[in-house]
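J.: attaching a predicted model along with its sequence, questions to come.
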4 protein chains.
Amino acid sequence: MSTGPAFKRLPRAVRQQQMLDSAVRIFSRRGYHGASMDEIAEVAGISKPMVYAYLGTKEELFVACLHREGTRMVQAIAGAAAPDLPADERLWRGLRAFLGFVGAHRDGWAVLYRQARAEQPFARELTVMRARLVEVVAGMLDHALRAEGREVADTELEVVAYALVGASESLADWLADHPEADPEKTATQMMNVAWLGAGQLLHGLSWRPPVA
Amino acid sequence: MSTGPAFKRLPRAVRQQQMLDSAVRIFSRRGYHGASMDEIAEVAGISKPMVYAYLGTKEELFVACLHREGTRMVQAIAGAAAPDLPADERLWRGLRAFLGFVGAHRDGWAVLYRQARAEQPFARELTVMRARLVEVVAGMLDHALRAEGREVADTELEVVAYALVGASESLADWLADHPEADPEKTATQMMNVAWLGAGQLLHGLSWRPPVA
Amino acid sequence: MSTGPAFKRLPRAVRQQQMLDSAVRIFSRRGYHGASMDEIAEVAGISKPMVYAYLGTKEELFVACLHREGTRMVQAIAGAAAPDLPADERLWRGLRAFLGFVGAHRDGWAVLYRQARAEQPFARELTVMRARLVEVVAGMLDHALRAEGREVADTELEVVAYALVGASESLADWLADHPEADPEKTATQMMNVAWLGAGQLLHGLSWRPPVA
Amino acid sequence: MSTGPAFKRLPRAVRQQQMLDSAVRIFSRRGYHGASMDEIAEVAGISKPMVYAYLGTKEELFVACLHREGTRMVQAIAGAAAPDLPADERLWRGLRAFLGFVGAHRDGWAVLYRQARAEQPFARELTVMRARLVEVVAGMLDHALRAEGREVADTELEVVAYALVGASESLADWLADHPEADPEKTATQMMNVAWLGAGQLLHGLSWRPPVA
DNA sequence: AATGAATGAGCTTTCATTCAT
DNA sequence: TATGAATGAAAGCTCATTCAT
């Protein structure tokens, strides 16, 4: 007597992952509008009504993709920046994780993200996503400030964090368009701007990654 | 024998601008795919075939919008940053001009840009556009560097410029979502990150805009 | 539990035939350009997207019609002219079959054919079709020649066959415009010209169909 | 003092011929539907409203082309076949004139004709045109018959003439598709079929053009 | 659970044709 | 006379989405 049904048909969870996999592939390759439910279903090796049954409309399907990939990314970053390190080290690790992730999924995350930015219906999901990131970064900064016994208004912190996140997203985009570029090096350069600022860069200073 | 405005049979040049105006509005409001040529024509107060006659296909029309708005923006920025000022002053002016422009055309440039990134066919136009911006920013930095007798590889400059532009774009986005925010103040904060870097910010330093 | 006809959800093969039937009707009635996919779908009792799903674009649909009707016709003719009869008998039977077929499908084949000649994209299909016919006729002639121990260059045969086919097509056209005319009699007259030639006709000779 | 107006603008008749010239060019090159009034006007070096003013709608314009070219052709043929020659000689001259004409206007007449056959609205004009030809041919045959003291029903004559005309048209078409072919030779072969008939050809007879 | 059959709705694009100057 | 400006109307094609089996 088995502990569960015999799955001649694959179990629901597995099927869903297959669908998401192919959806991510197609959305990335063709863009949100260029992708057709037909092709997605075909690539998933399944019939269209199944896709609707499991993951809802095209919009919902895209959100699901966004969600899954975004969660993976946030985890990758959060996992990299241990809270008990100095601020610059944490920032560096976070950045490296972020750009590393994007570099490794050049055709996945970055493109989905780009698509999402273009369409209003995904604003909500994006906002949530970005909020998590900003929160992480702002947390780092706040932590460091408190360690020095100083304090800053929340909105100011948010704007700074937002700028940092924005710059990183931009570089992520740039990475997606430059397959030959090295994420590690790009992260270093970003760190230079972010940590030292253009002013000091111009005066010859530069930041170097700690030796691992 | 009134010399008053004739509402029909306008000369080509005038009609074209009307069309572009309407197209920018609609593309921004609905997105590239969401926009229909019907609506664009209607808002322009003209029939569809005229749009095709004067500005070509939807794709070409979008490129035309991108081109016009992009050119305006670049001019606004380049005009603001006089070449004979110190680097931080130039950067500041450029930033302020950029965020000011975006703030003033909240429904124009930023949205078009976002749309364009999502669709392959506009890659070319975008590359050109961005190249101009990056060139302006990189030019500022390069100028400052040479003044100090130092030199940096082009790609490095490009990445830094890219990060700065990206951070600004991000804040532009943030501005678009926070109508109550003050562009001037946002520019100042951005300048802080960009010029001083997070490191110094954390140590209590801060940059202040020069008194006009 | 009726086994009566279901009017919806028919299997693909059936629908395709319905579509082709309707397409042939409409193309013949309105001409290739005059025909609209809308009307074809409507007459087939189905929605437009199905037509596209099963038979492709308008051009492909027309080719499919041409192909189906042409094949039917060639079969009718080839089946009529048994290879072991004398040449004139075979020619006669072929002719009769051809004009009979056209007479029976007055609104089908002849009109499609006429349409196809006018449009470049169908040249290929037409060439193939006509080649089959010419081949059949040339085959008859060649067979007869060899039986007499003589031989003629292929191109000459082709031209003669072409002329015969052309004359027949012309009469087919004439039939289409004279609904009261008798295909059988027309075939006899054609046979007179084709077999005896105008020269002998003028001298009082005439050819009579063999008593069946 | 000039005997007429000074034509800074070309006189109407000349303009019309220019338009017809370019119309024939475009109709032949693109087909009736593929041709656009825009292109015709452009090629004629004139504005569209002028075309409408001078030659009416697209349909009327096409009929005008058909008419002019058809008339030229009929004249060429009628002029070639002098009535006081023996029947075969007249037939031969007519044929040669016809195929010669078509060969010389490969992109003109044959293509217009092909187009016209495909569209109902031109049936009338075509009927008239063909009637003139059939009349000419039937006249030749009738003349020859009467010379021998015999007589044939009109419809029979018409069918025979029709077959001959049809065969010739077919070969004209064939010529249009085979630019390398020699009209003279094609005419000879046609004459063989038409005059001697397939029966005698098969027995080794052949007709030769009279030495000029 | 799974799918082939089916469609409503909409979009871009083109063209013959006519005003108004 | 001559033309740039303007449009009504329609057609081909695609797609997300849902029945009926």
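T.: All right, it came through fine. Predicted model, so just to flag it, every value in this text is computed and none were measured.
J.: how does chain A divide into domains?
T.: When chain A is parsed into structural domains using automatic domain parsing, the resulting residue ranges are A:11-56, A:65-202.
J.: quick check, the residue in chain A closest to chain D?
T.: Taking CB to the nearest CB as the measure, the point where chain A comes nearest chain D is A:G34, at 30.6 Å. Where C-beta positions appear, they are placed from N, C-alpha and C, glycine not excepted.
J.: how about that residue, phi and psi?
T.: Per-residue torsions, A:G34: phi -70, psi -20 (degrees, to the nearest 10).
J.: what's the next secondary structure element after the helix or strand where A:E39 lies?
T.: Element membership of A:E39 [criterion: DSSP states H and E] is helix A:37-44. Next along the chain after helix A:37-44, taking DSSP H and E as the criterion, comes helix A:48-55.
J.: buried set for the very next helix or strand once past that next one?
T.: Using DSSP H and E, the helix or strand that directly follows helix A:48-55 along the chain is helix A:58-80. By neighbour count on 16 or more other CB atoms under 10 Å in any protein chain shown, the buried set for helix A:58-80 is A:58, A:61-66, A:68-70, A:73-74, A:76-78, A:80.
J.: identify all contacting residues around stretch A:109-126.
T.: By CB atoms under 8 Å, 6 or more residues apart in numbering or on different chains, the surrounding residues in contact with stretch A:109-126 are A:24, A:27-28, A:31-32, A:59, A:62-63, A:65-67, A:69-70, A:73, A:101-102, A:169, A:172-173, A:175-176, B:31-32, B:114-115, B:117-119.
J.: contacting DNA strand F as well, which ones from these?
T.: Among those, the residues lying close to DNA strand F (CB under 7 Å from any atom of the strand) are A:E59.
J.: show me where chain A has its helices.
T.: A:12-34, A:37-44, A:48-55, A:58-80, A:87-104, A:109-118, A:123-147, A:154-177, A:183-191, A:197-202 (DSSP state H).
J.: any idea which of these scores lowest on pLDDT?
T.: The weakest mean pLDDT among those belongs to helix A:197-202, with a mean of 73.
J.: only C-alpha atoms, please: export it in PDB.
T.: Taking C-alpha atoms only, helix A:197-202 is exported to PDB below (Å, rounded to 0.1, in the frame of the first residue of the first chain):
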ATOM      1  CA  GLY A 197      32.000  58.400  -4.800                       C
ATOM      2  CA  ALA A 198      33.100  60.000  -8.000                       C
ATOM      3  CA  GLY A 199      34.800  62.800  -6.100                       C
ATOM      4  CA  GLN A 200      37.500  60.600  -4.600                       C
ATOM      5  CA  LEU A 201      37.800  58.500  -7.700                       C
ATOM      6  CA  LEU A 202      38.800  61.600  -9.500                       C
END
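J.: in chain A, what residue lies closest to chain C?
T.: Nearest residue of chain A to chain C (CB to the nearest CB) works out as A:D38 at 10.3 Å.
J.: give me the nearest residue to that residue, chain neighbours excluded.
T.: Nearest residue to A:D38 in three dimensions, chain neighbours excluded: A:K48, at 6.6 Å (CB to CB, 6 or more residues apart in numbering or on different chains).
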